[in-house]
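**Student:** just need the structure, nothing else, for what follows:
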Amino acid sequence: MSGSLVIIPTFNERDNIHAILDAVLSLSENFHVLIIDDGSPDGTADLVRDKQVAYSDRLFLECRTGKLGLGTAYIHGFKWALARDYAHIFEMDADFSHDPKDLPRLLEACTLQGADMAIGSRYSNGVNVVNWPMSRVLLSYFASKYVRFITGMPIHDTTAGFICYRRSVLEALDFEKIRFVGYAFQIEMKFRAWQKNFQLAEVPVIFTDRKLGQSKMSSGIIREAVFGVILLKITSIFRK
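**Tutor:** Here you go, the predicted structure:
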């Protein structure tokens, strides 16, 4: 089994989509890309189709009707990947907050360093965030500390969304039991993998806030994460 698939969910990313696809698909590791578009009214999917002319064997598009949530987009992508011959599956944003040049480093952590789940970490080596207001840096940083305290997971960036999974991790998780669709989805995926004794590793990265397009962050997403972590922990105790 071989091959690596980068899953990129999109909603109104026409300003970024061509550039992010060129950046990922030009890497020497020959990554494949799956775009999960939630009915972007700005024509993001049409721009992906334009790029498929040049990358017909490496660029794939799945269109959904309506904005259904980050978590369900990734689960859709995971199922798509597991139905095909991919050994490593990535999560990545479309807005260049995750640097495509870090993809090979995440892959190396899984292929050469023994990780089952490699996390592009903003906080494993200080605080590596660019262009965020201090209020958002503090919110994100202390949210990760809070999650670590509640769950006991031995990682610094518990809310990170830049990840490489070995196929075996996704095969072991029951997607029907994943509860969260927003910010807390990233926490839950790490927690479920950690509970199953998979090896989680952090790869230091620099996170740069988007320059084009609009952020999808909302107060509702943050509330889901804060209260969702407590629910995750309580549920895990009763399952034991």
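**Student:** least confident secondary structure element in this structure?
**Tutor:** helix 219-239 (a mean of 63; mean pLDDT, DSSP states H and E).
**Student:** what are the ranges of the strands in this structure?
**Tutor:** Shown for the chain, the strands assigned by DSSP state E span residues 4-10, 32-37, 59-63, 88-91, 117-121, 129-130, 163-166, 200-204, 207-208.
**Student:** and the ones you listed, which one is worst for confidence?
**Tutor:** Ranked by mean pLDDT, the strands of the chain end with strand 129-130 in last place, scoring a mean of 82.
**Student:** quick one: strands adjacent to that one?
**Tutor:** In the sheet containing strand 129-130, the strands it pairs with under DSSP bridges are strand 207-208 (parallel).
**Student:** centre of the chain versus stretch 24-43, how much separation?
**Tutor:** Going by CA atoms, centre = their mean, to the nearest Å, the spacing between the C-alpha centre of stretch 24-43 and its chain's C-alpha centre is 13 Å.
**Student:** should've said stretch 74-83
**Tutor:** Relative to the mean C-alpha coordinate of its chain, stretch 74-83 is positioned 13 Å out (CA atoms, centre = their mean).
**Student:** for it, the averaged confidence score.
**Tutor:** In this model, stretch 74-83 has a mean pLDDT of 98.
**Student:** who's in contact with the residue lying closest to S168 once chain neighbours are set aside?
**Tutor:** Take S168 and drop its neighbours on the chain: the residue closest to it by CB to CB, 6 or more residues apart in numbering is D116, 6.8 Å away. From N, CA and C alone the C-beta is placed, and that goes for glycine too. Applying CB atoms under 8 Å, 6 or more residues apart in numbering to D116 gives the contacts C110, Y165, R166, S168, V169, A193, F198, Q199, L200.
**Student:** please repeat the previous calculation with a cut-off of 7 Å.
**Tutor:** By CB atoms under 7 Å, 6 or more residues apart in numbering, D116 lies in contact with R166, S168, V169, A193, F198, Q199.
**Student:** how many neighbours does N197 have?
**Tutor:** Counted with other CB atoms under 10 Å, the neighbours of N197 add up to 8.
**Student:** coming back round to it: distance of the residue nearest to S168 from T151?
**Tutor:** Using CB to CB, to the nearest Å, D116 is found at 17 Å from T151.
**Student:** tell me the contacts of D38?
**Tutor:** The contact partners of D38, taken as CB under 7 Å, 6+ apart, are F11, R64, G66, K67, L68, A73.
**Student:** which two of these have the greatest separation?
**Tutor:** Comparing every pair within the contacts of D38 by CB to CB identifies G66 and A73 as the most remote, at 11.3 Å.
**Student:** those two: who's more crowded?
**Tutor:** For G66 against A73, the residue with the higher neighbour count under other CB under 10 Å is A73, and the figures read 25 against 8.
**Student:** I7 and L34 touch, don't they?
**Tutor:** Yes. The criterion here is CB atoms under 7 Å, and I7 meets it with L34 at 5.0 Å.
**Student:** and for these two, which residues touch both?
**Tutor:** Residues touching both I7 and L34 (CB under 7 Å, 6+ apart) are G77.
**Student:** ok so, going back, quick check: phi and psi at the residue nearest to S168.
**Tutor:** D116 has phi and psi values of phi -90, psi -30 when expressed as degrees, to the nearest 10.
**Student:** quick one: pLDDT of it?
**Tutor:** Looking at D116, its pLDDT stands at 98.
**Student:** which ones are touching the residue lying closest to F78 once chain neighbours are set aside?
**Tutor:** Leaving aside its chain neighbours, F78 sits nearest to L170 (5.1 Å; criterion: CB to CB, 6+ apart). For L170, the set of contacting residues under the criterion of CB under 7 Å, 6+ apart consists of F78, L82, I89.
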